[in-house]
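*Asks:* Below is the sequence, then the predicted model.
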Amino acid sequence: MHQPIREGLEEYLNGAGDRTIPQDFSAHLASCQECAEEVRLFQDQAQSLRLLRTGEEARPGFYARVMDRIERQTDLSIWSIFLRPTFGRRIAIASAALALLMGAYLVSTEPGEREYSSNPTVVTAADDSPQQQRDAVLANLASYHE
């Protein structure tokens, strides 16, 4: 597009009268077929845009609602669930609980020296009465050291 057309194109498309459009604009438009075709395309686009105009300004929050709607329509991947704060918090708590349980299990089953009582009492059913057997078992339990 040539310089005279660039300078007067906006006024021409807005429908301003001949008083605001420079003389060289009209002369160049009549002589240059390439610029005339581009101006014709711009006129068609401007007319299409005028038809779409509603005449009123967008209500507050319109753009935010449009952006929210666009974001909701996007396809979510399986990995996007990890970005949600509630799910991430639940995963963190479950991981901490699992680590605590695994640690407790490893500490409690760690092999080490065990102390046994040096004098175990054997309870026999033929020699003692049931009361004596109970007393012997209680004595063994009370004297047991790990």
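*Replies:* Sure, I can see it. Residues are numbered from 1 along each chain as shown.
*Asks:* residues in contact with the longest helix seen in the chain?
*Replies:* Determined from DSSP state H, the single longest helix within the chain is helix 85-108. Outside helix 85-108, the residues that touch it by Cβ atoms under 8 Å, 6 or more residues apart in numbering are 81-82. Glycine gets a C-beta too; all of them are placed from N, C-alpha and C.
*Asks:* And the next helix or strand past it?
*Replies:* The helix or strand immediately downstream of helix 85-108 is helix 130-143, counting by DSSP states H and E.
*Asks:* Let me see the mean pLDDT of that following helix.
*Replies:* Regarding helix 130-143, the rounded mean pLDDT is 76.
*Asks:* do stretch 81-97 as well
*Replies:* 86.
*Asks:* Over to stretch 50-70?
*Replies:* pLDDT averaged over stretch 50-70 gives 73.
*Asks:* thought Y12 was touching I21?
*Replies:* Yes - contact criterion Cβ atoms under 8 Å: Y12 and I21 qualify, at 5.6 Å.
*Asks:* Who has more neighbours out of those two?
*Replies:* Neighbour comparison, Y12 and I21: the larger count goes to Y12, with 20 against 16 (by other Cβ atoms under 10 Å).
*Asks:* What's the local residue count around S143?
*Replies:* Neighbours around S143, by other Cβ under 10 Å: 11.
*Asks:* Make residue 1 into 43 and carry on from there
*Replies:* Happy to do that; since the first residue is 43 now, the last one works out to S185.
*Asks:* And it, how far from A178?
*Replies:* Going from S185 to A178 by Cβ to Cβ, to the nearest Å gives 11 Å.
*Asks:* What of R114?
*Replies:* For R114, the distance to A178 - Cβ to Cβ - is 75 Å.
*Asks:* The two: which is more packed in?
*Replies:* More crowded of R114 and A178, by other Cβ under 10 Å: A178, with 15 against 8.
*Asks:* residues making contact with stretch 57-77?
*Replies:* Applying Cβ under 8 Å, 6+ apart, the contact partners of stretch 57-77 are 43-44, 46-47, 49-50, 53-54, 78, 81.
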